[in-house]
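# what shape does this take:
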Amino acid sequence: MDIQKWFDGPGTYKEGLQLYASLPNKSNLFLKSIQKENVYNLLKLKYELKKALNNNSEVTIQLSKNVPTELPIVAKKEPFQQIINESAVLLQKETMASYPMGLHSVYRDRISNFYNACELKFKLNALPADDEEEAFDLIIQLEELWERIDRAWFVLNHWKDYGRIMPFDTSEDFKKMNAIQLVKRRDQLQTSISKRNKTLEKIIQEVESSPEDRVKLNLLNRKKEQLQQLIIDLETIRNLLKNE
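Modelled structure (predicted):
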């Protein structure tokens, strides 16, 4: 079964979980948070699988008696509440002064998005169970906010680990391009990302064989940063093309 067949079927909730778990860019945290079948989690699962379908993710699962029926054990504490508690502790431990000026906007946005996500989650919890349309809108907003928060952590942690600034904005203003130019640049970026991933694999192997080599480690971080810039530009262009 693939994603399209799951929607056409429709497939079962468990099959949807298996499809999401097979995605190369799945979030284990998100997967754990939707183990319990209910209307909210189903909407979230459909949203993520629809994104994967739009991104042409070719994922299939084999349905047989050998497919495990037991799902991973989830902590009793509500995942979102656990995230809130852990994030609140981290916010108390660090300040904006921990980062260079160039990352202050990332730090501020991360905190702002975190509290916005908390407010939306409280609104979602307060909705009647049959208000699926409003719930879906809130879930989409929550997913977007948590995506931004994850990216902010990625950038800030890169600084803490290596003392280097990871790109977090587009390299140019793509809004000035027309649709044809955007499609051409999108195709170029997809090719560049594929090549850069292969280059990174080789460099990672070299770093693992010589972990004390600072030159190779710096090269690895530089290539990671360049790849991140390409990914940001590609995602921006894809969003612009969707709105055309």
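# show me what the helix or strand where residue 216 lies is packed up against.
When secondary structure is defined using DSSP states H and E, the element that contains residue 216 is helix 214-242. Packed against helix 214-242, as judged by 3 or more CB pairs under 8 Å, 6 or more residues apart in numbering; DSSP states H and E, are the following elements: helix 132-162, helix 179-209. All C-beta atoms are positioned from the backbone trio N, CA, C, and that covers glycine.
# one more time with 6 Å
Under the contact definition 3 or more CB pairs under 6 Å, 6 or more residues apart in numbering; DSSP states H and E, helix 214-242 sits against helix 179-209.
# flag every buried residue along the helix it packs on.
Judged by neighbour count (16 or more other CB atoms under 10 Å), helix 179-209 contains these buried residues: 182, 185, 186, 189, 196, 203, 207.
# and the gap between the second one and residue 235?
When you say that, I think you mean residue 185. Distance, residue 185 to residue 235, using CB to CB, to the nearest Å: 12 Å.
# does residue 170 count as helix, strand or coil?
Assigned state for residue 170: coil (three-state reduction, DSSP: H, G, I helix; E, B strand; the rest coil).
# meant to ask about residue 130
Taken by three-state DSSP, the conformation at residue 130 corresponds to coil.
# Serialize the buried residues of helix 179-209 to JSON lines and add fields for distance to residue 107 and pLDDT.
Converted to JSON lines, those look like this (distance: CB to CB, whole Å; pLDDT from 0 to 100):
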{"residue": "182", "distance to residue 107": "31", "pLDDT": "95"}
{"residue": "185", "distance to residue 107": "30", "pLDDT": "95"}
{"residue": "186", "distance to residue 107": "31", "pLDDT": "94"}
{"residue": "189", "distance to residue 107": "28", "pLDDT": "95"}
{"residue": "196", "distance to residue 107": "27", "pLDDT": "92"}
{"residue": "203", "distance to residue 107": "29", "pLDDT": "93"}
{"residue": "207", "distance to residue 107": "28", "pLDDT": "90"}
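# and residue 165, that's in a strand?
No: under three-state DSSP, residue 165 sits outside any strand and is assigned coil.
# so for the closest residue to it other than its chain neighbours, what's the pLDDT?
The shortest distance from residue 165 to any non-neighbouring residue, by CB to CB, 6 or more residues apart in numbering, is to residue 102 (5.6 Å). The confidence metric pLDDT takes the value 93 at residue 102.
# neighbours around residue 102, how many?
Residue neighbour count, defined by other CB atoms under 10 Å, stands at 10 for residue 102.
# pretty sure it sits in a helix.
Yes: when three-state DSSP is applied, residue 102 is found to be in a helix.
# residue 163 versus that one, what's the distance?
With distances taken as CB to CB, residue 102 is found 12 Å from residue 163.
# what is the least confident helix or strand in this protein?
Taking mean pLDDT, DSSP states H and E as the measure, the chain has helix 79-93 as its least confident helix or strand, at a mean of 58.
# after it, next one along is what?
Proceeding C-terminally, helix 79-93 gives way to helix 104-126 as the next helix or strand, assigned by DSSP H and E.
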